[in-house]
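Novice: got a sequence here, can you build the structure:
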Amino acid sequence: MGAYRKHWFALIGVCLVMFSLLGYFGAEVYRQAPPLPAKVATAGGTTLFTGEQILDGQTAWQSVGGMQLGSVWGHGAYQAPDWSADWLHRELTAWLEQGAQERHGRPYAALDAAEQGALRAALQAEYRGNRVDDGGTLVVSARRARAMAQTAAYYDQLFSDAPALRKSRESFAMKEDTLPSAERRQALGRFFFWTAWAAATERPGSHVTYTNNWPHEPLVGNVPSGENVVWSIASVVILLAGIGFLVWGWAFLRNHEEPLPAAPARDPLASFALTPSQRALGKYLFLVVALFVFQVFIGGFTAHYTLEGQGFYGVDVSQWFPYALTRTWHIQSALFWIATGFLAVGLFLAPVINGGKDPKFQKLGVDVLFWALVFVCVGSFVGNYLAIAQKMPAEWSFWLGHQGYEYVDLGRLWQILKWVGILLWLVLMLRGVLPALFARNGEDKNLLALLTASVGAIGLFYGAGLFYGERTSLSVMEYWRWWVVHLWVEGFFEVFATTALAFVFSSMGLVSRSMATTASLASASLFLLGGIPGTFHHLYFAGTTTPVMAVGASFSALEVVPLIVLGHEAWENWRLKARAPWMADLKWPLLSFVAVAFWNMLGAGVFGFMINPPISLYYVQGLNTTPVHAHAALFGVYGFLALGFTLLVLRYIRPQVAFSEPLMKTAFWGLNAGLVLMIATSLLPIGFIQFHASVSQGLWWARSEAFMQQPLLQTLRWVRTFGDVVFIAGAVAIALQVVLGLAGRGARAGGLAAPARVRVS
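Specialist: The predicted structure is shown next:
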């Protein structure tokens with residue numbers, strides 16, 4: 001540890017304390033998850049269905065795309081309704097209509113205010129009361145049973161090919177006969193009922209529901225709780241305090257005097273001969289841009305489904321490639337190409353760290369890993385198709401087809417194989433890193449130790465996605481899913497990227513090793529301080545208790561703090577280009593890293609905090625404000641990072657190639673401008689309009705067919721096409737640059753001098 005002892009102790013202390021919080025309150029998620037009734041029965045003793053049949057409905061929901069077709073508890077896609085909020089509102093209105101006819105012989109709308117108020121009071125008493133008896137039976141009144149049956153009949157028709165609801169299916173971007181089996185449609189309705197029941201029923205000993213009064217539904221008294229408001233204000237105060245302490249520390253604690261080292265006359269990373277494993281990385285770069293282009297085209301195709309729910313400019317394509325499938329592919333391909341970009345830069349650096357040489361069989365391992373990635377990618381995509389087309393046996397769907405959970409949609413077998421591939425990458429990395437880490441040569445190994453730790457975390461923590469099963473409680477599943485989506489991606493990939501860049505720049509002699517090490521250790525502590533327990537900000541309304549909300553709101557506010565200074569980081573990265581003449585060759589990778597800092601500040605910071613406080617997320621969860629953050633943060637940060645790494649590796653494995661200025665300008669500015677247009681002209685305005693609807697009437701209305709098909713919202717979705725086209729042009733340009741570079745097109749005049757082998761560690 002040496003001179004960095006206090007930084008290491010801070011990082012280790014942060015990890016120990018924050019993981020303790022995550023683990024302790026994770027156990028709370030298990031203990032306090034909404035119960036699954038043994039059976040649901042009427043007061044007269046008639047059994048309506050059992051808990052196992054509810055779980056059968058959960059598996060049916062997973063098989064049609066799950067979170068890629070509408071959402072449950074606010075998590076999922078945005079075109080179809082949130083099924084929990086929609087079922088709840090339909091059941092409540094059915095109950096009120098029946099009550100109005102039974103008591104007054106008139107429709108509910110024809111009653112006066114006093115009569116309506118009396119009915120609503122009776123409704124809230126019945127629905128908010130926890131009617132699960134000691135035997136685990138949920139007892140419902142005869143009127144509620146009829147309301148449930150009426151709502152279930154609507155869902156049975158909606159997920160079939162019933163002509164009466166064809167227009168609704170088109171509005172919701174659902175294919176005809178989404179779930180052909182009548183038995184499974186019945187089970188699906190039971191699962192939706194249970195998610196709505198948890199959203200309306202008060203937790204024992206509490207005055208809020210199992211989902212902390214989410215969704216906003218005035219009919220049943222679902223309004224923000226007092227704890228929601230308190231912890232929302234607390235999160236803002238914590239954010240301001242965190243920014244204040246960061247500015248104070250930045251001003252008084254950092255070393256202003258340390259001079260930058262003299263830049264070397266030539267690029268040290270270009271001064272050693274490429275190893276066989278490094279030369280084999282070209283196919284990884286091709287896979288990155290191939291999947292990237294596929295992702296953006298399938299994304300534009302998916303976005304068009306929000307206009308023509310079953311067609312593409314008049315051609316009915318939904319029976320083959322429905323919205324749920326194309327959205328699955330859009331998200332999964334993004335995860336594959338971004339991860340491949342990160343894996344590629346790691347595999348490039350491993351021989352550099354190892355003194356410019358490959359461990360034995362390293363190239364074989366690199367080749368095997370590549371084809372394993374291709375196999376998992378293709379296999380998971382085929383499985384997605386067969387599951388959503390309902391061509392796969394129901395009992396195989398979760399394992400080979402579609403898990404139903406956003407960002408981990410691939411079947412469980414493919415998920416396991418993907419983890420095996422990541423573990424293989426970890427082994428390949430450690431074979432190059434460990435000899436240098438343990439070499440007794442008197443060099444400072446602290447930065448290398450942090451890089452090794454981040455590599456290990458990436459390899460191991462993806463396995464958290466295997467801690468739930470097909471019939472696991474939705475609350476427990478959400479806990480582990482966000483370990484992958486938030487902690488693995490937003491936490492450890494962020495640390496790896498920061499440390500890898502610091503290692504590259506220090507190895508180039510552009511910054512001192514001590515400065516790079518100190519900055520990386522401090523950044524890792526800041527990222528993980530808020531990032532680890534901040535995982536809970538995704539679980540405010542997922543069947544968890546107030547302490548989970550408190551921890552999530554408080555610590556996730558701290559995630560924004562380090563993002564405030566990223567404008568300075570962008571400037572620091574950009575000014576490196578003037579440190580040496582040969583840095584001109586790295587202009588476009590550097591610009592990509594500058595873009596990462598900008599989108600980290602805007603997409604992850606501003607847009608992330610916009611939906612982060614509990615009171616904000618209470619109203620906007622499941623609305624188009626969420627994809628604003630998702631697009632700006634996932635592509636803006638991790639996408640540009642992966643593309644920057646791709647260009648960096650390309651620069652060194654094809655040193656004779658010069659990047660085309662016209663192509664790279666089109667790529668860089670097209671991607672940035674397209675993302676800005678997509679957000680500013682469509683997603684954000686739609687999200688704000690939905691936000692107002694959610695506050696004024698309820699989430700069900702903000703996601704309803706009548707609201708979403710308004711001419712204004714249709715126009716805003718058409719306007720998104722302009723941003724999509726600009727973005728696609730940028731994607732094609734960067735893909736073309738990479739392909740031409742790999743093919744050796746665009747060679748420099750005279751080429752480069754033959755490199756000599758040196759050690760960089």
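Novice: OK, contacts around Leu450?
Specialist: 495, 499, 517, 520-521, 524 (CB atoms under 8 Å, 6 or more residues apart in numbering). Heads up, the C-betas are built off the backbone N, CA and C, glycines and all.
Novice: where does it sit, in terms of helix or strand?
Specialist: helix 446-461 (DSSP states H and E).
Novice: does Gln22 really touch Leu528, like I thought?
Specialist: Quick fix: residue 22 reads Leu, not Gln. No: using CB atoms under 8 Å, Leu22 is not in contact with Leu528; the gap is 10.7 Å.
Novice: of these two, give the one with the bigger neighbour count.
Specialist: Leu528 (23 against 19; other CB atoms under 10 Å).
Novice: now that one: closest residue in space, sequence neighbours ignored.
Specialist: Distances taken as CB to CB, 6 or more residues apart in numbering place Val14 nearest to Leu528, at 5.4 Å, with adjacent residues excluded.
Novice: what's the neighbour count on the one you found?
Specialist: 19.
Novice: residues touching it, list them.
Specialist: Counting by CB under 8 Å, 6+ apart, Val14 has contacts 525, 528-529, 532.
Novice: need the residues you listed in CSV (columns: secondary structure, distance to Gln310 and pLDDT).
Specialist: Listed next are the contacts of Val14 as CSV, based on DSSP: H, G, I helix; E, B strand; the rest coil; distance: CB to CB, whole Å; pLDDT from 0 to 100:
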residue, secondary structure, distance to Gln310, pLDDT
Ser525, helix, 50, 93
Leu528, helix, 45, 94
Leu529, helix, 47, 93
Ile532, coil, 43, 95
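Novice: from those, which single one is nearest Phe645?
Specialist: Leu528 (21.6 Å; CB to CB).
Novice: in this structure the closest one contacts Val495, no?
Specialist: Yes: assessed by CB under 8 Å, Leu528 is found in contact with Val495 at 7.1 Å.
Novice: which neighbours do these two have in common?
Specialist: Counting by CB under 8 Å, 6+ apart, nothing touches both Leu528 and Val495.
Novice: excluding sequence neighbours, find me the nearest residue to the most centrally placed residue in the chain.
Specialist: The residue lying closest to the centre of the chain (CA atoms, centre = their mean) is Val485, at 5.0 Å. Nearest non-adjacent residue to Val485, counting by CB to CB, 6+ apart: Tyr407, 4.7 Å away.
Novice: and if you look at Pro322?
Specialist: Lys175 is the one closest to Pro322 (CB to CB, 6+ apart), at 4.0 Å.
Novice: so the one you found belongs to a strand, correct?
Specialist: No: read with DSSP: H, G, I helix; E, B strand; the rest coil, Lys175 is coil and lies in no strand.
Novice: residues in contact with stretch 582-594?
Specialist: 263, 266-267, 270, 501, 510, 570, 573-574, 576-577, 640-641, 643-645, 647-648, 651, 658-659, 664, 668.
Novice: repeat the analysis, applying 7 Å as the threshold.
Specialist: 266-267, 501, 570, 573-574, 576-577, 640, 643-644, 647-648, 651, 659, 664, 668 (CB atoms under 7 Å, 6 or more residues apart in numbering).
Novice: run a quick neighbour tally on Trp414.
Specialist: 25.
Novice: again, but for the one 3 residues further on
Specialist: Taking other CB under 10 Å as the neighbour definition, Leu417 ends up with a count of 18.
Novice: picking that back up, quick one: the residue nearest to the centre of the chain and Phe461 touch, right?
Specialist: No: the criterion here is CB atoms under 7 Å, and Val485 misses it with Phe461 at 11.4 Å.
Novice: quick one, helices of the stretch 201-350 of the chain?
Specialist: Along the stretch 201-350 of the chain, counting by DSSP state H, counting those that start in this stretch, helices occupy 226-252, 276-279, 282-304, 323-353.
Novice: chain center to the first one: distance?
Specialist: The gap between where helix 226-252 is centred and where its chain is centred comes out at 25 Å by CA atoms, centre = their mean, to the nearest Å.
Novice: where in the stretch 251-400 of the chain is pLDDT low?
Specialist: 251-258 (pLDDT under 70).
Novice: if we use 80, what do you get?
Specialist: 251-263, 271-272 (pLDDT under 80).
Novice: do the same with the stretch 501-650 of the chain
Specialist: 563-579.
Novice: can you give me the strands for the stretch 101-250 of the chain?
Specialist: 137-140 (DSSP state E, counting those that start in this stretch).
Novice: pLDDT below threshold where in it?
Specialist: Flagging of the stretch 101-250 of the chain using pLDDT under 80 yields the residue ranges 247-250.
Novice: now tell me what touches stretch 319-336 from outside.
Specialist: 64-65, 68-69, 77, 79, 173, 175-176, 291, 294-295, 298-299, 301-302, 305, 377, 380-381, 384-385, 388, 402, 406-407, 409-410, 634.
Novice: 8 Å - rerun?
Specialist: Under CB under 8 Å, 6+ apart, the answer for stretch 319-336 is 64-65, 68-69, 77, 79, 173-176, 178, 291-292, 294-295, 298-299, 301-302, 305, 309-310, 373, 377, 380-381, 384-385, 388-389, 402, 406-407, 409-410, 634-635, 639.
Novice: list only buried entries from those residues.
Specialist: For the contacts of stretch 319-336, a neighbour count by 16 or more other CB atoms under 10 Å gives the buried set as 64-65, 68-69, 77, 79, 173-176, 178, 291-292, 294-295, 298-299, 301-302, 305, 309-310, 373, 377, 380-381, 384-385, 388-389, 402, 406-407, 409-410, 634-635, 639.
Novice: residues touching Ala604, list them.
Specialist: 490, 559-560, 563, 629, 632-633, 636-637.
Novice: would you turn those into CSV with neighbour count?
Specialist: Shown next, in CSV, are the contacts of Ala604 (neighbours: other CB atoms under 10 Å):
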residue, neighbour count
Glu490, 21
Glu559, 29
Val560, 22
Leu563, 24
His629, 24
Ala632, 26
Ala633, 21
Gly636, 27
Val637, 28
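Novice: many thanks, I have nothing further to ask.
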